[in-house]
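> Task: produce atomic coordinates for the following.
(chains A and B)
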Amino acid sequence: MASAPQPLAAGTASRGARRPARLRRAGAPAASWLFAVPAVLAVLALHYGPTIAGAVYAFTDWSGIGAAQWVGARNFSDLSKDPAARDALWNSLRLALTFVVLANLIGLALALGLNRTLKSRFLLRALFFAPVVVSPIAIGYLWQYILQSDGALNTILAGIGLGGLQHQWLGDPTTARWAILVAMLWQLSGLTMVIYLAGLAAIPDEYYEAAAVDGASAWRQFRKITVPSVAPAIAINTTLGLLIGLRVFDQVIALTNGGPGNATQTLATEIYVQAFTLGRFGYSTAIAFVLTVLIVVMMALRSFLLRQRGSV
Amino acid sequence: METRRIHALKWLAAIATLASLFATGCGSGGSGGGPTTLKVAASFATPADKAALAAVISDFTRTHADIKVNVTYTPIAQYDQVLGTQIAGGNAPDLMYVQPGAAHTTGAIPLAKKGALLDLSDQSWTKRIPASMRGLVTEGGKVYAWPQEISFEGMIYNQSVLDRLKVAIPTTPSEVVTYCRKLKTAGVTPYELYLQDVFGGYQLLYSLVATTVYEKTPDWDQQRMTGKTTFAATPGWRGALQTYLELRDADCFQKSPNGTPISQALAALTTGKAGGTPSVSVVLALAQQANPKGRFAMAPFPGADAGNAVTGGPLTAWAVSARTQHKAAALTFLRYVSDPKVNREIARRAGNIATVDFAALKLPPGLARFVPYLRRGDLHVLPGLNWPAGIQDTTLGPGIQALFSGSQSVSGLLRQLDNAWNAGARR
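Numbering: from 1, shown residues only, chains lettered A, B, ... in the order given. Next up is the predicted model:
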């Protein structure tokens, strides 16, 4: 008696289970592929196709005008011996890594500060995020007006009796590098803050309450609850930071134009100089090729390290 | 039946679309009796420069109803990139400004060598190009461009400040030192440099080497090209760079010119915080516009006690794309801008020297101090214009920044220049 509905139930379940399976095998994949094909073809044709075709120029001596001659790996061989490219590579790496660390620290500090307690936190969040939506080249010029020799910073220093601290911020190779980093951090820390805020919002209050009852200090709560909980945000911010840091161009052009004496030239600006100042489009494509490989390697390394720590 | 009708409608729509596309394509450029549209690319160094060209184009289209001019203006700093990309993409403008000489990848000589420019040798107006400047637009004996105006390299002075301090414009190196001391004592920067911009580094240097290099060896560029000399082996280059540093040590410049862009230097000059700034003559008009009540003058900067020379040359020239579909209209435009009356008008508006008046030494009043040099024949083509592309902006400019920041020596910079030249010549 009790078993009577079983076949029906089993049959219903069986039909229900079979239908999605059949859909997965035949109808659904075919339909989804049909919808996806135009978009996939467009991406391949408009994005990856030209990129791969463009990469071919890395193996030519193309000057930007006229025909290109195949030169094999000569551009890469020249690149390995080019001190300007080596300096640009070193500058890019140093800038990217420092930016990732500092942007994460500042973004996390801002997020923690503006997470719950402050009454004006919504206004402050908007203020800290506002520079993110401004063009990087505009930010670069803004900081140039602040840091140039008769700029706002030196004027303020003189005005408050600290004239001895006045400095040629953009004229000194060391401070010029920091100037670029400061402009980047000022603009983009708001973005890392927003990502950390999203991570912090997902942590239940009960975790902290339970930890407090157990007598955990604020620092211990931060290490044992906050940091593991925002691990996905760390992964996202590290990825974005590396990408932004390795590709930085606008701020360098606006602030220092690669100077003084090429001290702030990055791979991205070197690509520009080689292509448009020296007419070496083939060689500049080779640098772009190396930059792309570098970004892929850095991303892979990041994924590996964070996976080891269980963050992603 | 219904399906067949839809199919037929689809074909009709496709044919109509194609027809309209063809009609659009054929329509541009003026076939069918409409005006010809010339696509023009132009750069500008100053707002006056841009306004001068816009006014001339407006006059041209008013008197030539059959030709429309669609001009794109680009600041000179970005122009190489814009024009280079257009030409590389097979989308060259019909008419374009090019930099005379070989210093830029989109210069007259590199583009002519690559067959990108139309040969203008058979145009009668090319005879108006001054003989001393002809080489900058000539390749293989053929003329490829019309130099728009001529500029000199020198020092722009705030004459009002100098008069107030009772200081005369120096004409010898020893007078320069006295001038620097007097202005410094009065709290005025003697010469405001703008080394943050790479081109700012070689402005003063080009005034110095006019005397120390080119006066003694007018064909130095050719000698360097053929390998008969080098930067490192030329005492004049070494001496000029050392003089540059000696002027720094004599407090002739602001504290650290590496942190100064041109906008700040011009502001210092026009507001009287600086007595002078090195530049090309086209900037003189800009200074005057910035401070209409001030009085400004330009003078050669002395490289030696006697027998000084000056450098100068055209900064832009008109060229026609070899691929233009509107050759007749483009040549009509060039005939118009090379007309002496129009050429003088462009130069007057931009505050520069008309190409047609250059040989006759008819200079604007603010440039009167250059006339004796020109009369003696002591004018040399701006260094760099004949050099392989990019050396000025990738090696010389940054090298001078490095000299001033102490990370480069004179010998090191001269070696770098030779290496860059050799690499550029191989390309």
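
> by contact count, what packs against the helix or strand in which residue B:331 is found?
For residue B:331, the element it lies in under DSSP states H and E is helix B:327-337. Contact here means 3 or more C-beta pairs under 8 Å, 6 or more residues apart in numbering or on different chains; DSSP states H and E; on that basis helix B:327-337 packs against strand B:36-44, helix B:47-63, strand B:67-75, strand B:95-98, strand B:317-320, helix B:340-350. Bear in mind the C-beta positions are built from the backbone N, C-alpha and C, glycine included.

> And the longest one, what's buried?
Think helix B:47-63. Residues of helix B:47-63 classed as buried: B:48, B:49, B:50, B:52, B:53, B:56, B:57, B:60, B:61 (neighbour count, 16 or more other C-beta atoms under 10 Å in any protein chain shown).

> May I have that helix exported as PDB, CA atoms only?
C-alpha atoms of helix B:47-63 as PDB (Å, rounded to 0.1, in the frame of the first residue of the first chain):
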ATOM      1  CA  PRO B  47      47.200  79.500 -29.500                       C
ATOM      2  CA  ALA B  48      48.300  82.300 -31.900                       C
ATOM      3  CA  ASP B  49      49.700  79.700 -34.200                       C
ATOM      4  CA  LYS B  50      46.400  77.900 -34.400                       C
ATOM      5  CA  ALA B  51      44.300  81.100 -34.800                       C
ATOM      6  CA  ALA B  52      46.600  82.200 -37.600                       C
ATOM      7  CA  LEU B  53      46.100  79.000 -39.600                       C
ATOM      8  CA  ALA B  54      42.300  79.000 -38.900                       C
ATOM      9  CA  ALA B  55      42.000  82.500 -40.200                       C
ATOM     10  CA  VAL B  56      43.900  81.700 -43.400                       C
ATOM     11  CA  ILE B  57      41.900  78.600 -44.000                       C
ATOM     12  CA  SER B  58      38.700  80.600 -43.500                       C
ATOM     13  CA  ASP B  59      40.000  83.100 -46.100                       C
ATOM     14  CA  PHE B  60      40.900  80.300 -48.400                       C
ATOM     15  CA  THR B  61      37.500  78.600 -48.300                       C
ATOM     16  CA  ARG B  62      35.800  82.000 -48.800                       C
ATOM     17  CA  THR B  63      37.700  82.600 -52.000                       C
END
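
> What score does residue 311 have for pLDDT?
Answering for chain A, as no chain was given. Per-residue confidence (pLDDT) for residue A:311: 54.

> The intended chain is chain B.
The model's pLDDT for residue B:311 equals 89.

> what about it, is that helix, strand or coil?
strand (DSSP: H, G, I helix; E, B strand; the rest coil).

> Let me see the contact set for the nearest residue to residue B:207 once chain neighbours are set aside.
Once flanking residues are discounted, residue B:207 sits nearest to residue B:301: 3.8 Å by C-beta to C-beta, 6 or more residues apart in numbering or on different chains. Residue B:301 is in contact with B:154, B:155, B:176, B:204, B:207, B:208, B:278, counting by C-beta atoms under 8 Å, 6 or more residues apart in numbering or on different chains.

> so residue B:301, which of the three states?
coil.

> Okay, it and residue B:176: tell me how far apart.
According to C-beta to C-beta, to the nearest Å, residue B:301 and residue B:176 sit 8 Å apart.

> Repeat that for residue B:105.
36 Å.

> just residue A:113 next, same as before
Relative to residue B:176, and taking C-beta to C-beta, residue A:113 is found at 57 Å.

> the more surrounded of those two?
residue B:176 (21 against 14; other C-beta atoms under 10 Å in any protein chain shown).

> Distance check, that one against chain A.
23 Å (C-beta to the nearest C-beta, to the nearest Å).
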